[in-house]
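Asks: Build me a model from this:
(chains A and B)
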Amino acid sequence: MFLKNTLFIILLLTLFFSVPSAYSLTEDEKNNIDLYQSLAPGVVNITSTVVEHDFFFNVIPRQGTGSGAIIDSRGYILTNNHVIEDAHKLEVTLSTGKKYTAKLIGSDPDTDLAVVKIDVPKEKLTVIPLGTSANLKVGQKSIAIGNPFGLGQTLTTGVISSIGRTMRSSTGSLVEDIIQTDASINPGNSGGPLIDSSGQLVGITTAIFSPTGASVGIGFAIPVDTAKRVVNDLIDKGYYSYPYLGATLMNLFPDIASALKLPVTSGALVVDVTPRGPADRAGLRGGNRRAQIGNNIVIVGGDVVVSVNGKPVQDADAAIREIRKLRPGDRIELVIVRWDGSKGAVTVILGEKPRDVRAKQP
Amino acid sequence: MFKLPAWNSRNCPCLRRAVSIFCLLLWLTSGHVQGALALTTAEENTIAAYEKVAPSVVNITTMECDPEFFWCATPLDSGSGSGVVLSADGLIVTNNHVVSNAKKISVALSDGRRLDAHVLASAVAEDFAVLKVDPGEKPLRAISLGNSDRLKIGERVLAVGNPFGLGQTLTVGIVSMTNRTVKDGGKILRDLIQTDASINPGNSGGALVNSDGELVGICTAILSPTGSSVRIGFAIPVNRMKEVVPTLINPWPRIVGWGVAALLLTLFLKRIYRRPEAASSGNVSRMGPDSNF
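Replies: Numbers count the residues shown, from 1 in each chain, chains lettered A, B, ... in the order given. You can find the predicted model right below:
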C-alpha cells in the first residue's frame, strides 16, 4: 500500500516537473521549439503564377511566393490577397514537401485577406488554432513562420512592438488594430501566421516598413479578429459583404468648419450621396456647390456627421470605422449638423456595398 | 500538514487524497500546461518592463530647415526622434542631433498629449540635449535610471522609441558589446553599448532599458550600409548621461568653475605684469585717475 502511494505521488511529481532538461534549454527556447514543431506543419508555402504578356503578346509566366496558414481541417488556407492576386495558377507546398494545386475560394482586397483550398485528407493536415488579438500586450512574444524570399520554411521570433496601428490596404481602405512586431518579416513571409507563445494564430503577417525592401525590424500583421470576421464570408460566398452607406465623406477640419461658419469644429462632411442609396433614402444631404477655402476646393452644402450610433466621430475615417463594424441590414443612428446649423438625427438601414465601389465610400 | 474531510474513507486515506489533489492542482495551474493565455515568464517580464517605461518615453517631432540655404527661407522639413522624461516637471533628454536644426519642437506623450518644447541646453560633443516642456496640471512620469556599468553582454535590453515617426514602438534584443567606440560622421562617440534590438532612424534619443525597466542607455546611432536597422545599434550609456546632463541643467557649477579659473588667470597675469611696475613705483601715482599733471 505504501509503495503504491509513493509511486502515485512520484508519478504526479514527475508530471509536474516534466521539463526535459537534457539539453538544459531555457523556458523560452523550449517554448519556441515546441511551437515550431507542433505548428510548422500547418504553415504552407504558396507559389502563384501570374501570366503576363510581352510586347508581342507572348505569354510570360511570372512566379511569386508567399505563405499561408491552414485554418480548417477541410483544407482551407488563410493568406494575403496580395499573395494570390491575379494568379493564374496557385501551388501550395506543405512542410513535408508535397505540392498541391490550390483553388481560390475567396478574397477581400480591403483587408488584404484571401482563402485558398487544397484537397488533402484530414489526417495529413495540421490546423493552426485561431486565437484572439483583442488582449494582446506589447512585449509579449510573437513567432512568425513563413517562406521569406522563397527560401522555404523559416522561423523568426520577436516581440509585439505595438498594437492598434492603422494601415491602408492597396485599395485605400483602412485596416484597424494592426499588430507591429520586431520579428524579422521579409518579402515571402506575407500571408504567414503570427503566433503567440500559447500556439495560437494572432495575426497574418502582411507588410513591412522598410526603406530597403527587407526587414529592418518593423513588420505588420493583420489581427486575427479581423480575419475571423471576414473568413466565414469568404468561404461561404467568396467575398466579404461590407455595409454600405452610399455617401462620400470628407474630413471636416477646424479651419474649413470655421470658414463655413458651421457650429462644429470636426466631423465627417457629406460631399455626395448616391441617388436612391441607403443614405439618400434616409434623408442625408450631400453637397451642392463648390467653395474655395485656402488652397482647397471643397464641395459644401452637405450635412456633417458628428456621431455614429452615439459615438462621436472626429473625421471621415472614424465614421467609416464605426460603420465597418456593422453588417448590411443593420440600422445606424447618425447625429448630423445641417448646412443651416440645425442639429438632427437620421436612421439609416445599411445596404450591401456594391463590389466595384471605391473604398472611401462606405 | 492540512487535512481535507475524508469523503471516501473506506479505501483511501485522506492524506494521500489531499496530497494527490494538491499535486494535481499545482500541475494544472503551473505554466506546464499550454493554457489559452499562458505567457512565459520572459514575456511577462518584457510586458512589465515595457509598461513601466512606456509613459516615460516621448515622441519628438521637429520642424527643421537647412541653415545654410537662404537663411531658412525654404519650407520647413519635419523630422522625428524620441526622448526620455527625466523629471516630472518636464525635463526631457534626447540626442542633440534630433533637435540641432529644429526651428520648432513638439513632444507627443504616450497618453496622446502634444506639448511644445524648447531646448534648455545641449552638449554637442556628447550628443545630448535637454528639452523643457510645460506639463500643465498632469505631471510627467520620470524614468528610473539604472547603472550601465553593470550591464553584461548577453543581457536582455528593450529599446523604446519612435522609428520612422511611426509611433511608440518596442523592440527587444540583447547587449551585443559594451565600451564600443564608433565614428559618427566627424564625431567620435566613445564607450557605447552595442545592441541587436532593432534601432532605426527616429529611435534616436529613445530609451534603452534593462529587464527591470531601468534606463541603461540613450539610443544614438546605428551601423548600417542601408541607413536602417541591420541589428547593430548603439546607445550612449546612462552613466555618461548622469555625468553630462546635470551640468547642462544646472550651469552654475560650470560658470563658477570658469569664473574661478578666469579670476586665477587674471591674478596670475596681474602678478606677472605688476613686477616691472612695482620696481619703478615712482610712475604709478602719475597714472592714477586723481592725479592732475
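Asks: Single out the residue in the stretch 151-300 of chain A that lies closest to chain B.
Replies: Per Cβ to the nearest Cβ, the residue of the stretch 151-300 of chain A with the smallest distance to chain B is residue A:217, at 2.4 Å. For the C-beta atoms, the positions are set from N, CA and C on the backbone; glycine is no exception.
Asks: Would you point out which residue is most central in chain B?
Replies: residue B:218 (4.0 Å; Cα atoms, centre = their mean).
Asks: Phi first, then psi, for it.
Replies: phi -110, psi 120 (degrees, to the nearest 10).
Asks: check contacts around it.
Replies: B:84, B:93-95, B:128, B:205-208, B:235-236, B:238, B:241 (Cβ atoms under 8 Å, 6 or more residues apart in numbering or on different chains).
Asks: Residue A:6 versus that one, what's the distance?
Replies: 59 Å (Cβ to Cβ, to the nearest Å).
Asks: Repeat that for residue A:315.
Replies: Using Cβ to Cβ, residue A:315 is found at 70 Å from residue A:6.
Asks: Check residue B:270 too.
Replies: Residue B:270 is 95 Å from residue A:6, where distance means Cβ to Cβ.
Asks: Residue A:225 now?
Replies: 49 Å.
Asks: Looking at those two, which has the bigger crowd around it?
Replies: residue A:225 (17 against 11; other Cβ atoms under 10 Å in any protein chain shown).
Asks: Tell me how many other residues surround residue B:135.
Replies: A count of nearby residues for residue B:135, using other Cβ under 10 Å, gives 17.
Asks: How about the one 3 residues further on?
Replies: One way to gauge burial is a neighbour count; for residue B:138, by other Cβ under 10 Å, it gives 10.
Asks: picking that back up, which strand residues bridge the residue nearest to the centre of chain B?
Replies: On the basis of DSSP bridges, residue B:218 is bridged to residue B:207, residue B:236.
Asks: Likewise for residue B:180?
Replies: residue B:192.
Asks: List the contacts of it.
Replies: So residue B:180 contacts B:191-194, B:234 (Cβ under 8 Å, 6+ apart).
Asks: Kindly give a single ChimeraX line that selects the buried subset of the residues you listed.
Replies: The following ChimeraX line selects those of the contacts of residue B:180 that are buried, judged by 16 or more other Cβ atoms under 10 Å in any protein chain shown:
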select /B:192,193,194,234
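Asks: So which residues of chain B form helices?
Replies: B:14-29, B:41-53, B:96-99, B:238-249, B:252-279, B:284-287 (DSSP state H).
Asks: which helices and strands sit right next to the third one?
Replies: Spelled out, it's helix B:96-99. The contact analysis (3 or more Cβ pairs under 8 Å, 6 or more residues apart in numbering or on different chains; DSSP states H and E) places helix B:96-99 against strand B:57-64, strand B:77-87, strand B:114-123, strand B:128-133.
Asks: helix, strand or coil for the closest residue to residue A:183 other than its chain neighbours?
Replies: Leaving aside its chain neighbours, residue A:183 sits nearest to residue A:158 (3.1 Å; criterion: Cβ to Cβ, 6 or more residues apart in numbering or on different chains). What DSSP: H, G, I helix; E, B strand; the rest coil gives for residue A:158 is strand.
Asks: May I have the beta-bridge partners of residue A:158?
Replies: Assessed by DSSP bridges, residue A:158 has beta-bridge partners residue A:142.
Asks: For the residue nearest to residue A:26 when sequence neighbours are not counted, give me the pLDDT.
Replies: Residue nearest to residue A:26 in three dimensions, not counting chain neighbours: residue B:42, with 7.8 Å by Cβ to Cβ, 6+ apart. With respect to pLDDT, residue B:42 has a value of 91.
Asks: what residues are up against residue B:42?
Replies: By Cβ under 8 Å, 6+ apart, the neighbours of residue B:42 are A:26-28, A:141.
Asks: Would you mind giving me the ChimeraX syntax to select the buried ones in the residues you listed?
Replies: Applying 16+ other Cβ under 10 Å to the contacts of residue B:42, the buried members can be selected in ChimeraX as follows:
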select /A:141
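Asks: Among the contacts of residue B:42, which ones are in strands?
Replies: residue A:141 (DSSP state E).
Asks: quick one: which of the contacts of residue B:42 is nearest residue B:154?
Replies: residue A:26 (12.0 Å; Cβ to Cβ).
Asks: The residue in the stretch 101-250 of chain B positioned nearest to chain A: neighbour count?
Replies: Chain A sits closest to residue B:198 of the stretch 101-250 of chain B, with a gap of 2.4 Å, by Cβ to the nearest Cβ. When neighbours are defined as other Cβ under 10 Å, residue B:198 has 29 of them.
Asks: What backbone torsions are found at the nearest residue to it once chain neighbours are set aside?
Replies: Nearest residue to residue B:198 in three dimensions, chain neighbours excluded: residue A:217, at 2.4 Å (Cβ to Cβ, 6+ apart). Dihedral pair for residue A:217: phi 90, psi 10, per degrees, to the nearest 10.
Asks: Report the contact partners of residue A:217.
Replies: Contacts for residue A:217 (Cβ under 8 Å, 6+ apart) come out as A:158, A:182, A:184, B:163, B:171, B:197-198, B:200, B:229, B:231.
Asks: Quick one: those as TSV, columns for distance to residue A:248 and pLDDT too.
Replies: Listed next are the contacts of residue A:217 as TSV, based on distance: Cβ to Cβ, whole Å; pLDDT from 0 to 100:
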residue	distance to residue A:248	pLDDT
A:158	40	96
A:182	38	95
A:184	40	95
B:163	35	94
B:171	40	96
B:197	44	96
B:198	40	95
B:200	37	94
B:229	40	91
B:231	45	93
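Asks: Residues of chain A that sit close to chain B?
Replies: By the rule Cβ under 8 Å from any Cβ of the partner chain, the part of chain A lying against chain B is A:5, A:8-9, A:12-13, A:15-16, A:18-19, A:26-28, A:31, A:34, A:131, A:135, A:137-141, A:158-162, A:165, A:180, A:182, A:197-200, A:209-212, A:216-218.
Asks: ok so, going back, any chance of the helices and strands packed on helix B:96-99 in JSON lines, plus distance to residue A:349?
Replies: Shown next, in JSON lines, are the helices and strands packed on helix B:96-99 (distance: least, Cβ to Cβ, whole Å):
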{"stretch": "strand B:57-64", "distance to residue A:349": "42"}
{"stretch": "strand B:77-87", "distance to residue A:349": "44"}
{"stretch": "strand B:114-123", "distance to residue A:349": "39"}
{"stretch": "strand B:128-133", "distance to residue A:349": "49"}
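Asks: any chance of those in JSON lines, with mean neighbour count, mean pLDDT and distance to chain A too?
Replies: Below are the helices and strands packed on helix B:96-99 laid out as JSON lines (neighbours: other Cβ atoms under 10 Å in any protein chain shown; pLDDT from 0 to 100; distance: least, Cβ to the nearest Cβ, whole Å):
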{"stretch": "strand B:57-64", "mean neighbour count": "23", "mean pLDDT": "92", "distance to chain A": "12"}
{"stretch": "strand B:77-87", "mean neighbour count": "22", "mean pLDDT": "91", "distance to chain A": "13"}
{"stretch": "strand B:114-123", "mean neighbour count": "16", "mean pLDDT": "93", "distance to chain A": "15"}
{"stretch": "strand B:128-133", "mean neighbour count": "23", "mean pLDDT": "94", "distance to chain A": "23"}
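Asks: Now do the phi/psi pair for residue A:207.
Replies: Dihedral angles (degrees, to the nearest 10) for residue A:207: phi -150, psi 160.
Asks: so what's it closest to, chain neighbours aside?
Replies: Nearest residue to residue A:207, sequence neighbours excluded (Cβ to Cβ, 6+ apart): residue A:220, at 4.5 Å.
Asks: Look up which residues are beta-bridged to the one you found.
Replies: In beta-bridge terms (that is, DSSP bridges), residue A:220 pairs with residue A:180, residue A:207.
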